[in-house]
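1. let me see the structure of the following:
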Amino acid sequence: MNILVAIIAIIAIVLLITGGISSSLSFLIWVGVVLLVIALIVFLLRFITGGRTRV
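-> You can find the predicted model right below:
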């Protein structure tokens, strides 16, 4: 699960950079923001609950 959160965060940052460089791809900024918020929420939930969900 931590790897998934890291991958989502990296994709979000790449999309934010790409959307910032190219004005025609400005919708990528919003996609990046949404993915970054999702990754942040998942990270905070795992941090607050202690991440005790081991399989």
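
2. give me the buried stretch members for the longest helix belonging to the chain, please.
-> Ranked by number of residues, the top helix in the chain under DSSP state H is helix 27-49. By neighbour count with 16 or more other Cβ atoms under 10 Å, helix 27-49 contains the buried residues 28, 31-32, 35-36, 39, 42-43. Where you see a C-beta, it was placed from the backbone N, CA and C, and this is true even at glycine.

3. give me every residue that touches residue 4.
-> residue 42 (Cβ atoms under 8 Å, 6 or more residues apart in numbering).

4. I'd like the distance between it and residue 27.
-> According to Cβ to Cβ, to the nearest Å, residue 4 and residue 27 sit 23 Å apart.

5. now swap in residue 48 and tell me
-> Residue 48 is 32 Å from residue 27, by Cβ to Cβ.

6. residue 11 now?
-> Taking Cβ to Cβ as the measure, residue 11 falls 15 Å from residue 27.

7. wait, residue 8 sits on residue 37?
-> No: using Cβ atoms under 8 Å, residue 8 is not in contact with residue 37; the gap is 10.1 Å.

8. show me the shaky parts of the protein.
-> Residues of the chain meeting the criterion pLDDT under 70: 1, 19-26, 28, 51-55.

9. next, the angle from the strand or helix carrying residue 10 to helix 27-49.
-> Per DSSP states H and E, residue 10 falls inside helix 2-21. Angle of helix 2-21 versus helix 27-49, following axes from the mean of the first three to the mean of the last three Cα atoms, to 10 degrees, is 150 degrees.

10. so who does residue 38 touch?
-> Applying Cβ under 8 Å, 6+ apart to residue 38 gives the contacts residue 8.

11. check the gap between it and residue 32 for me.
-> Using Cβ to Cβ, residue 38 is found at 11 Å from residue 32.

12. not counting sequence-adjacent ones, nearest residue to residue 16?
-> Take residue 16 and drop its neighbours on the chain: the residue closest to it by Cβ to Cβ, 6 or more residues apart in numbering is residue 32, 3.7 Å away.

13. hmm, the one you found is touching residue 8, no?
-> No: at 10.3 Å, residue 32 does not count as touching residue 8 under the criterion of Cβ under 8 Å.
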